[in-house]
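> With the input below, show me the fold.
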Amino acid sequence: MPTLFISDLHLAPERPQITRQFLHFTRSTAAGADALYILGDLFEYWVGDDDLEDPLNGTVSAALSALADSGTQVFLMRGNRDVLLGTGFASRCHATLLEDPVMVNLYGTATLLSHGDALCTDDVDYQRFRLYARDPGNQQKFLAQSLEARREQMRGMRAQSEASKQQKTETIMDVAPAAVEALLRNHSYPRLIHGHTHRPARHLHQVEGHACERWVLNDWYETGGYLRCDAAGCTAVLT
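Numbers count the residues shown, from 1 in each chain. Presented below is the predicted three-dimensional model:
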């Protein structure tokens, strides 16, 4: 059975068609897989694991737990939008929460998994915010607020993020080649799979004489997509 990879679904109440597409995916394609890896930004935003009774959050966790119970292993990685995903949500999904990056043995091929935002080092403002958002002290202060206060603050940050993107070039918001090569070098030249940039493609990097394959995952804004990997290699599939 294959292993599947998805990221950047950005599930939100405002986009019910994508939620329906994801739920169908968990009941059909993913149900026939050995494992499903979700490499960040499953949700448009996440205000904390105490929000599990929200209708969307409950529906998604129920679908993933059903998938896991059917025999497909489920793995979750935090993205920049859902950096506050924790063990509470993972437990509800019967899933394993992954660090970023993490190395796995994929049918005999060393494969490094990441959300991908850490590789966008040319975007200095974003990297500064990334450090702030992942600081345990800042997270604790945010989570100490009421759910509604957190939701309101998150909506404001989403609006600021979208406005900021309008002022940036496509190159700045993409991964920096030097950062990619350094990551591959530091992990002994593996295959790399990541999301975040919303630029699905297969890249081949030559790093110190080593050929390293890099797959960028599809986002789910217009249509779904996943990467299917087995012993023969990987193939990008649109849903």
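
> so who does the residue most central in space within the chain touch?
A centroid search over the chain (Cα atoms, centre = their mean) returns residue 40, at 1.7 Å, as the residue closest to the centre. Residues near residue 40 by Cβ atoms under 8 Å, 6 or more residues apart in numbering: 7-8, 77-82, 100, 115-117, 195-196. For glycine as for every other residue, the C-beta is placed from the backbone atoms N, C-alpha and C.

> Return the helix or strand in this protein with minimum mean pLDDT.
helix 170-173 (a mean of 85; mean pLDDT, DSSP states H and E).

> Helix or strand for residue 227, just tell me which one.
If you go by DSSP states H and E, residue 227 is part of strand 225-230.

> what residues does that strand touch?
Against strand 225-230 from outside (Cβ under 8 Å, 6+ apart): 1-6, 25, 29, 106-107, 111, 193, 200, 215, 217-219, 234-239.

> What residues sit buried inside that strand?
225, 226, 227, 229 (16 or more other Cβ atoms under 10 Å).

> And stretch 55-66, by the same measure?
Buried residues in stretch 55-66 (16+ other Cβ under 10 Å): 56, 57, 60, 61, 63, 64, 65, 66.

> which strands and helices sit next to the longest helix that the chain contains?
In the chain, assigned by DSSP state H, the helix with the most residues is helix 147-165. If you count contacts as 3 or more Cβ pairs under 8 Å, 6 or more residues apart in numbering; DSSP states H and E, helix 147-165 packs onto helix 136-143.

> For the residue lying farthest from the centre of the chain, give its distance to residue 67.
Farthest-out residue of the chain from its mean C-alpha position, per Cα atoms, centre = their mean: residue 209, at 29.6 Å. Distance, residue 209 to residue 67, by Cβ to Cβ, to the nearest Å: 41 Å.

> any idea what sits nearest the residue nearest to the centre of the chain, other than its immediate chain neighbours?
Spatial nearest neighbour of residue 40, excluding adjacent residues (Cβ to Cβ, 6 or more residues apart in numbering): residue 79 at 2.6 Å.

> what's the neighbour count on that neighbour?
Residue 79 is flanked by 25 other residues according to other Cβ atoms under 10 Å.

> what kind of secondary structure is it in?
coil (DSSP: H, G, I helix; E, B strand; the rest coil).

> Quick check, pLDDT for it.
At residue 79, the model reports a pLDDT of 98.

> can you check residue 25 too?
The per-residue pLDDT reported for residue 25 equals 98.

> list the contacts for it?
So residue 25 contacts 6, 224, 226, 239 (Cβ under 8 Å, 6+ apart).
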